[in-house]
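*Asks:* Attaching a predicted model along with its sequence, questions to come.
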Amino acid sequence: MVLTALFTIHYSLFISPAGAQPYQTYPQQMERLDRGVVALPAQEQGNFVSWRLLGTDAKGTTFDLLRDGKTIAKGLSVTNFVDKEGTSSSRYSVITKLRNNVMSTSAEITPWTDLYRSIPLDRPEGGTGPDGRPYRYSPNDCSVGDVDGDGQYELFLKWDPSNAHDNSHDGYTGDVIIDCLKLDGTKLWRINLGKNIRAGAHYTQFMVYDFDRDGHAELICKTAPGSIDGAGRYVTEAADDADIRQADNNADYRNERGRILSGSEYLTVFDGQTGRAVHTIYYRPNRAFGVGGSALYDKEGWGDRGTAGNRGERFLAGVAWLDGPQGKPSAVMCRGYYTPSHLWAVDFDGQKLSTKWLHASATPNDYYVIDRQGRQTWYHGLKATAYGQGAHSLSVGDVDGDGCDEITYGSAAINNDGTLLYSTGLGHGDALHLSDLDPDHPGLEVFMVHESRPYGADLRDARTGERLWYETARDDTGRGVAADIDGRHRGFEFWHIFNRAVHDIKGNVISNNLPSCNFRIYWDGDLQDELLANRGRPYFGSFIEKWDGEKAVPLPLTSHLSSLTYHFYDLGHSASCNWTKATPCLQADLFGDWREEVILWDSSDAAHLNIFTTNIPTSYAVPTLMHDNIYRLSICWQNTAYNQPPHLGYYLPDFVSSLSTK
């Protein structure tokens, strides 16, 4: 009963003036999290302390802040406080109260000694490929999940070898390695995907989530013969299928060009606490559009013109509540988007992986769905399917209001039952954004840029695909962002690199000064987005930008420890990932109040991660973003291919306004 009441308080309020149905996050979808208390040097004096408001907190919840066991602030309705008397040795804890009754007391924490926290890593040894060229490792994409059920997130880190390759390039790569570690750097386990998984942005999409709803997160990703789990076993040992169990784990399927176009392909679920492979099955579909076996790559079927292994080796992945909050979340593993597009929904019951459905957009006008029982249903003669419509990322959320998540797959969308929801036919693109971009239009919206003719960008209804705004361009429109950067205009703003103009949500140009085309972020405490920008050579130059009404200007980091101002790149040799994409290892609301954290890596030794959190006070109390379903699932798919920023499933200014008038 308590959870139901809390749901009503926090999640029944997103009804726009146009009468849109609210986007709902249900209590069953909210992870059990602790208060996530964090402290760091304040801007002017003492320490800045912040903590979580939970989506399950009742209205009227207040907080007392303790320093060294003594109360220094009582009855706080916000979740941050500047303790001017605080020192580097102070110890802080938070008491949660409801109607003056103590509900809980957090564990004590001590402040960070700087504006960031450095996490030591166990950097893997490099090596030399079959071509005689040496390679080394650096930290790459991260994800998070609570593997031990203590209410705190653990980090999952993918290590990239320096010889990682895009699908369009030949060449051998080093092994892909994934570590799980505590936020203090304690390594829990390491898995090595082996020589038969190629390294690059499009090959390994690792999904971290509590798939069986036992309170402990798992990892699901593509594996192959030779992949080794966190217990030192081959993943084939976790299979039921006799052929998988008898696979040759010493086989090397790399060809003379360093590509992997044959051999078996698997999907494995790993226990989050130990890294042990729990179950391994054949990946669907294989390189020849079938299931199982050591299939050879079907170059003609995937439509490769030239280099084989480009179009059919493009993978995406996400997590979706396809049966709604009463069911279990599914991993959705995806293959192909330039030509045939396949989305494979997989369930995990705590012991076994199983197919929920497989969607296959086989042609531009025909697709089929295979259900759990293996029955195939064809749908013919459509104007467009998901064939050729995918992007280098995807997004997940309930776009039609039925309580179940759908997958926004570039210019198309797939329903929770695997059928096609719609396809705009506008083709492939690099970036897309799903949220309540226009709060006065019913439901959610999608902004997407396009790499296919006639190029350009569109804003559309996320449920129907109806175009709300559309602009063509003369060439590949490779970058574009939607974010609420200007509080003078209701709704989000959006822009892309082709016309270099900033539009309001109705498509009107409000500025011709192009901001950065990277990540949006909550940082300074108002209700608008800031931008995570990057200037200078790739891997360096990450900093925060703030829109001033005409242009984006740098927003520096400050503390009383120094008279200087800083940017991320000034501290800890902090570097971004993924070369010209210049993305963070991860951006997410990991702890503290509702503002987001940024994880970058230390380029001086490639053996540390640097976590940044804000020290700017805010007067707004917002539940942790991780208790919004669209945002939480954004963190799952953020590591997918060309990383995209997370978004909320609601319009934040309306949310805050509704709370203040409730």
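*Replies:* Yes, it's here. Residues are numbered from 1 along each chain as shown.
*Asks:* quick one, phi/psi of residue 654?
*Replies:* Main-chain torsions, residue 654, degrees, to the nearest 10: phi -70, psi -40.
*Asks:* Kindly tell me how buried it is, as a neighbour count.
*Replies:* Residues within reach of residue 654, counting by other Cβ atoms under 10 Å, total 20. The C-beta positions use only the backbone N, C-alpha and C, and glycine is treated the same way.
*Asks:* The nearest residue to it once chain neighbours are set aside: neighbour count?
*Replies:* Among residues not flanking residue 654 along the chain, residue 439 sits closest, at 5.4 Å (Cβ to Cβ, 6 or more residues apart in numbering). By other Cβ under 10 Å, the residues close to residue 439 number 24.
*Asks:* what does the one 3 residues further on give?
*Replies:* Close neighbours of residue 442, defined as other Cβ under 10 Å, add up to 16.
*Asks:* what's the answer for residue 81, then?
*Replies:* 24.
*Asks:* mind checking pLDDT for it?
*Replies:* We note a pLDDT of 98 for residue 81 in this prediction.
*Asks:* starting at the chain centroid, how far to the host helix or strand of it?
*Replies:* Assigned by DSSP states H and E, residue 81 belongs to strand 80-83. In terms of Cα atoms, centre = their mean, to the nearest Å, the centre of strand 80-83 is found 30 Å from the chain centre.
*Asks:* So residue 401 versus residue 533, what's the distance?
*Replies:* Residue 401 is 35 Å from residue 533, where distance means Cβ to Cβ, to the nearest Å.
*Asks:* hang on, the earlier thing: list phi and psi for the residue nearest to residue 654.
*Replies:* Dihedral angles for residue 439 - degrees, to the nearest 10 - are phi -70, psi -10.
*Asks:* From residue 529, how far out is the residue sitting furthest away from the middle of the chain?
*Replies:* Among the C-alpha atoms of the chain, the one most distant from their mean position (Cα atoms, centre = their mean) is that of residue 70, at 38.9 Å. Shown here: residue 70 relative to residue 529, a distance of 38 Å by Cβ to Cβ.
*Asks:* swap in residue 410?
*Replies:* Taking Cβ to Cβ, one finds residue 410 at 23 Å from residue 529.
*Asks:* Looking at those two, which is more packed in?
*Replies:* Legend: neighbour count by other Cβ under 10 Å for residue 410 and residue 529, higher for residue 410 (31 against 27).
*Asks:* Could you report the neighbour count for the nearest residue to that one once chain neighbours are set aside?
*Replies:* Nearest residue to residue 410, sequence neighbours excluded (Cβ to Cβ, 6+ apart): residue 391, at 3.7 Å. Using other Cβ under 10 Å, residue 391 has 27 neighbouring residues.
*Asks:* Could I get the contacting residues of residue 391?
*Replies:* 337, 409, 410, 411, 428, 429, 430, 431, 432, 448 (Cβ atoms under 8 Å, 6 or more residues apart in numbering).
*Asks:* Could I get the pLDDT score of it?
*Replies:* So residue 391 comes in at 97 (pLDDT).
*Asks:* Just grab the bridge partners of it for me.
*Replies:* Taking DSSP bridges as the rule, residue 391 bridges to residue 429.
*Asks:* What's the separation between it and residue 409?
*Replies:* Residue 391 is 8 Å from residue 409, by Cβ to Cβ.
*Asks:* Give me the common contacts of the two.
*Replies:* Common neighbours of residue 391 and residue 409 (Cβ under 8 Å, 6+ apart) are residue 337.
*Asks:* re earlier: residue 401 and residue 533: which is more packed in?
*Replies:* residue 533 (22 against 15).
*Asks:* Surely the more buried one forms part of a helix?
*Replies:* No: looking at residue 533 with DSSP: H, G, I helix; E, B strand; the rest coil, it is strand, so not inside a helix.
*Asks:* May I have the secondary structure class of the residue lying closest to it once chain neighbours are set aside?
*Replies:* Distance criterion Cβ to Cβ, 6+ apart; nearest residue to residue 533, sequence neighbours excluded, is residue 516 at 3.6 Å. Judged by three-state DSSP, the three-state class of residue 516 is coil.
*Asks:* for residue 243, same thing?
*Replies:* helix.
*Asks:* quick one: it from residue 279, how far?
*Replies:* Distance from residue 243 to residue 279, by Cβ to Cβ: 15 Å.
*Asks:* the more surrounded of the two?
*Replies:* Higher neighbour count among residue 243 and residue 279: residue 279, with 20 against 13, using other Cβ under 10 Å.
*Asks:* now the more buried one, which residues is it bridged with?
*Replies:* residue 269.
*Asks:* shaky segments in this structure?
*Replies:* Residues of the chain meeting the criterion pLDDT under 70: 1-22, 537-539, 660-662.
*Asks:* same thing but at 50, please
*Replies:* 1-21 (pLDDT under 50).
*Asks:* quick one: residue 401 from residue 649, how far?
*Replies:* From residue 401 to residue 649 the distance is 12 Å (Cβ to Cβ).
*Asks:* these two touch, right, residue 86 and residue 67?
*Replies:* Yes: with contact defined as Cβ atoms under 8 Å, residue 86 reaches residue 67; the gap is 6.4 Å.
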